[in-house]
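Student: Structure of the sequence below:
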Amino acid sequence: MKVTEHIENANGKTQFTFEILPPLKGQNIQSIFDSIDPLMEFKPPFIDVTYHREEYEYKELPSGLLEKKVVKKRPGTVGICSAIQNKYQVDAIPHILCGGFTKEDTENFLIDLDFLGIQNVVALRGDAVKSEIYFKPEREGNNYATELVTQIANLNNGIYLDDHLQNTSATNFCIGVAGYPEKHMEAPSMDSDIYFLKQKIKNGAEYIVTQLFFDNQKFFDFVAKCRKEGIAVPIIPGLKPIATKKQLNLIPHRFKVDIPDDLIMEVVRAKDNDAVRQVGIEWCTAQSKELVKAGIPVLHYYSMGKPDNIKAIAKEIF
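Tutor: Purely as a prediction, here's the structure:
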C-alpha cells in the first residue's frame with residue numbers, strides 16, 4: 001500500500017513509523033530484526049530503510065603512492081526492504097539517492113524494487129562523500145532530487161531511458177521527499193528552499209518527511225509556509241530523542257538544526273548519559289503529544305537501530 005493510502009485509511013488517527021539503517025558490512029540481518037521487533041507492537045504501517053553510498057579510502061602502497069579504494073560500509077538496502085515486507089507484512093520504504101547512481105543505475109534499482117512489490121520510495125540528493133566538501137553527482141547521474149523525482153515519475157508513466165523500448169510496463173511508486181523545517185544547510189534562504197521543495201512536488205512527489213527538529217514551532221511554521229506556497233501533500237515530522245551529551249554538539253554540526261536552550265540546560269545538568277537518555281525521552285514524548293494533538297497524520301522516528309528509547313516514547317503516545 002502507498003504511504004498516502006495508509007494516511008487516508010487511518011481516518012485521522014496519528015500513525016507510528018520509524019527509520020532504520022542497514023548493518024555494517026559483515027553483520028547479519030538478525031541485527032535489523034532485533035531493532036524492529038520491540039517496535040512492532042505499535043503497528044507501524046511502514047518502515048524506512050536508509051541507503052548509504054560509497055566512501056573513498058586511501059591506502060599507502062610500499063612505493064609510497066596512495067591507492068584510492070571504493071568502500072561501501074552499509075550495503076543491503078533492497079534486500080532488507082524485501083525481508084521486512086516478507087517477515088512483518090508491512091511496507092518497507094527504501095531511500096534512493098542521486099549520489100553514487102547514474103540514471104541507468106537508478107532505473108535498474110527501481111525495476112528491482114518494482115519486481116519485489118515495493119511501492120514507496122524516498123528520493124534524496126544525498127550528501128557529499130567524506131573526501132569531498134561539496135556534493136558531486138555522477139557524470140551520467142541526477143544532479144538534484146528534483147531530477148530524481150522526475151525520473152521516478154517518468155517510470156510511473158512507462159517512460160524509460162531507452163526510448164526505443166516498446167510495450168513498456170509502468171511502475172507505481174509513491175514518491176516521498178525530504179523537507180527541512182530549519183532549511184537545508186546549502187539553501188541560501190528558507191523561501192528558496194521551499195521553492196525547490198515545491199518543484200519536487202510538481203515533478204511527482206506525493207509526501208514530505210522532515211529533517212529532525214526539537215522545537216515544534218519550527219515545524220508548524222514550516223508547514224504553514226508550505227501551505228501558503230500551495231504545497232498540499234502530507235508533511236510527516238521526523239523526530240529523534242537526544243541520547244548522549246556528545247549529541248549536543250554532534251547533532252547541530254551534522255544536521256544544522258538548533259537545540260532549544262531549555263533542552264540544552266537539562267542535558268548539561270544530567271549527571272550521566274543514562275540521565276541524558278531520560279531527558280531525551282521526556283522531551284521527545286512532549287513533542288509527540290503536541291504533534292498528535294495538532295492532528296499530524298504520522299510521526300516518524302529516527303531510531304538509528306536503537307529501539308529502546310523510541311519504544312519508551314511510543315508507549316506514551318500510541
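
Student: What are the buried residues along stretch 301-313?
Tutor: By neighbour count with 16 or more other C-beta atoms under 10 Å, stretch 301-313 contains the buried residues 301-304, 307, 309-313. Every residue, glycine included, has its C-beta placed from N, CA and C.

Student: what do you get for stretch 172-191?
Tutor: Quick answer for stretch 172-191 (16+ other C-beta under 10 Å): 173-184, 187, 190.

Student: Just the endpoints, please. Distance across that stretch?
Tutor: Using C-alpha to C-alpha, to the nearest Å, one end of stretch 172-191 lies 31 Å from the other.

Student: Ok, stretch 69-84 next?
Tutor: First-to-last residue span, stretch 69-84, C-alpha to C-alpha: 31 Å.

Student: again, but for stretch 221-239
Tutor: 16 Å.

Student: and that stretch, how far from the chain's centre?
Tutor: Stretch 221-239 has its C-alpha centroid displaced from the chain centroid by 16 Å (C-alpha atoms, centre = their mean, to the nearest Å).

Student: now it: mean pLDDT?
Tutor: For stretch 221-239, the mean pLDDT works out to 98.

Student: repeat for stretch 264-276
Tutor: Per-residue scores along stretch 264-276 average to 97.

Student: Which parts of that stretch count as buried, going by neighbours?
Tutor: Across stretch 264-276, burial judged by 16+ other C-beta under 10 Å covers 266-267, 270, 276.

Student: Closest one to Gly204 out of the buried residues of stretch 172-191, please.
Tutor: When those are ranked by distance to Gly204 (C-beta to C-beta), Ile175 comes first, at 5.6 Å.

Student: which residues pair with the closest one across the strands?
Tutor: Beta bridges link Ile175 to Val121 when assigned by DSSP bridges.

Student: rewinding a little: can you put the buried residues of stretch 264-276 in JSON lines and add distance to Val292 and secondary structure?
Tutor: Below are the buried residues of stretch 264-276 laid out as JSON lines (distance: C-beta to C-beta, whole Å; DSSP: H, G, I helix; E, B strand; the rest coil):
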{"residue": "Glu266", "distance to Val292": "22", "secondary structure": "helix"}
{"residue": "Val267", "distance to Val292": "24", "secondary structure": "helix"}
{"residue": "Ala270", "distance to Val292": "26", "secondary structure": "coil"}
{"residue": "Val276", "distance to Val292": "24", "secondary structure": "helix"}
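
Student: From those residues, pick the one nearest Asp258.
Tutor: Distance to Asp258, by C-beta to C-beta, is smallest for Val267 among those, at 13.9 Å.

Student: Show the contacting residues for the closest one.
Tutor: Taking C-beta atoms under 8 Å, 6 or more residues apart in numbering, we find Val267 in contact with 242, 245, 248, 276, 279-280.

Student: Which single one of those is nearest to Ile133?
Tutor: Leu248 (24.8 Å).

Student: what ranges do the strands span in the stretch 151-300 of the chain?
Tutor: Secondary structure of the stretch 151-300 of the chain by DSSP state E, counting those that start in this stretch: the strands cover 174-179, 207-212, 235-239, 298-302.

Student: Output these in a markdown table, with distance to Gly99 appended to each entry.
Tutor: Putting these into a markdown table (distance: least, C-beta to C-beta, whole Å) gives the following:
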| stretch | distance to Gly99 |
| --- | --- |
| strand 174-179 | 14 |
| strand 207-212 | 17 |
| strand 235-239 | 20 |
| strand 298-302 | 20 |
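
Student: Show me the helices in the stretch 51-200 of the chain, by range?
Tutor: Along the stretch 51-200 of the chain, counting by DSSP state H, counting those that start in this stretch, helices occupy 77-88, 103-115, 145-156, 190-202.

Student: for the second one, which positions count as buried?
Tutor: Judged by neighbour count (16+ other C-beta under 10 Å), helix 103-115 contains these buried residues: 103, 106-107, 109-110, 113-114.
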